[in-house]
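In: one predicted model, sequence on top.
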Amino acid sequence: MSTPPPAPPPTPPSAPSPGAPGASWTDGLRFAFGTLTALPVTVHRWDRGAARAGMLSAPVAGLAVGVLAALTGLFLLVCGAGALLAAVATAAVPAVLTRGLHLDGLADTADGLGSGRPAEDALRIMKQSDIGPFGVITLLFVLLAQVAALAQAYGTSWTRGALAAVVSAAAARLALTLAARAGVPPARPEGLGAAVAGTVPVRAALLTAAGVVVVAAGAGVPLGAHGALGSALAVLLACAAAEALLRHCTRRFGGVTGDVFGALEETAATVALVAFCLLA
């Protein structure tokens, strides 16, 4: 992205070795929380094996972010706030816990795609520190959609609003797991995108996706059978939207970057929230 990751490594792996040894789940969780959140987590390993385990652990980091966001919204509701204010706070928590990096990636990717320039020029635009008109417009409508969906969910019931926040956050990070699968190339030889691109075996990515769908369905059980099905469909639709964007970015840029990962995360989160409100 335009700004460095929350906990940049001392020596970023510009060309990680494909044969790096496997990492423990502890290393993976540290990698996931250290790169995908601003929580105070120390990352000890920055090799290919840690990146693989970290991307497989990404939904866990999303779950933690979603729970904190939901608790913030519920706290405000308990204090007497309305659904709209709770929705704004819930949407703000993920932005704070990522220092806005995913939103920044979304804006940069929108500017790159909207420029209509060749891949090299578009990537150069994405690296600039400013945000262009495409990025501003995209951020505006994405955040409005997230807040509107959360407000509708909280307005229906506090439980529905909290579940929407948790399910969408997990689905958003699952999109990153799927985007880091083998066969998806990096657009640049350096940066976070290059460090994680292609690290996750396809079978492991699909198994992780299946697990998240099952957990989401279970989380929706308090809302009844309709809620369980709607939660699962929200995750699937979020992943489908992120996959469509991933394929488009890969064609346009020649691969993925840290900005593209941020755009995928925010796209999946937004689609999951809207789908949850419509289907759960």
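Out: Received, thanks.
In: may I see the buried residues of the biggest helix by length in the chain?
Out: If you go by DSSP state H, the chain has its longest helix at helix 225-253. Neighbour-count burial for helix 225-253 flags 227-228, 230-239, 241-243, 245-246, 249-250, 252-253 (criterion: 16 or more other CB atoms under 10 Å). Every C-beta, even on glycine, is put in place using the N, C-alpha and C of the backbone.
In: now do stretch 117-130
Out: Buried-residue list, stretch 117-130, by 16+ other CB under 10 Å: A122, L123, I125, M126.
In: for this protein, what spans make up the helices?
Out: With DSSP H as the criterion, the chain has helices at 25-36, 48-56, 58-78, 83-97, 101-115, 119-127, 133-156, 158-179, 192-196, 202-219, 225-253, 258-279.
In: reformat those helices as a markdown table; add mean pLDDT.
Out: Converted to a markdown table, the helices of the chain look like this (pLDDT from 0 to 100):
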| stretch | mean pLDDT |
| --- | --- |
| helix 25-36 | 93 |
| helix 48-56 | 94 |
| helix 58-78 | 98 |
| helix 83-97 | 98 |
| helix 101-115 | 96 |
| helix 119-127 | 93 |
| helix 133-156 | 98 |
| helix 158-179 | 98 |
| helix 192-196 | 88 |
| helix 202-219 | 98 |
| helix 225-253 | 97 |
| helix 258-279 | 97 |
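In: ok, the nearest residue to G198 once chain neighbours are set aside - contacts?
Out: Excluding its sequence neighbours, the residue lying closest to G198 (CB to CB, 6 or more residues apart in numbering) is A182, at 5.2 Å. Counting by CB atoms under 8 Å, 6 or more residues apart in numbering, A182 touches G198, T199, V200, P201, V202.
In: repeat the analysis, applying 10 Å as the threshold.
Out: Residues in contact with A182 (CB atoms under 10 Å, 6 or more residues apart in numbering) are P18, R52, A197, G198, T199, V200, P201, V202, R203, A204, A205.
In: likewise for A89?
Out: A69, T72, G73, L74, F75, L76, L77, A81, V96, V147, L150.
In: spit out the contact partners of the second one.
Out: Shown here is T72, whose contacts under the criterion CB under 10 Å, 6+ apart are A86, A89, T90, A91, A92, V93, V96, A165.
In: and if we set it to 6 Å?
Out: By CB atoms under 6 Å, 6 or more residues apart in numbering, T72 lies in contact with A89, V93.
In: repeat for the last one
Out: With contact set as CB under 6 Å, 6+ apart, L150 has these partners: A87, T90.
In: how about a cut-off of 8 Å?
Out: By CB under 8 Å, 6+ apart, L150 lies in contact with G73, A86, A87, T90, A91, G161, A164, A165, L273.
In: and for the spatially closest residue to C249 that is not a sequence neighbour, the neighbour number?
Out: Once flanking residues are discounted, C249 sits nearest to V260: 4.8 Å by CB to CB, 6+ apart. When counting by other CB atoms under 10 Å, one arrives at 31 neighbours for V260.
In: the one 3 residues further on too?
Out: Close neighbours of A263, defined as other CB under 10 Å, add up to 33.
In: roughly how far apart are the nearest residue to it once chain neighbours are set aside and L140?
Out: Leaving aside its sequence neighbours, A263 sits nearest to T109 (CB to CB, 6+ apart; 3.7 Å). For T109, the distance to L140 (CB to CB, to the nearest Å) stands at 15 Å.
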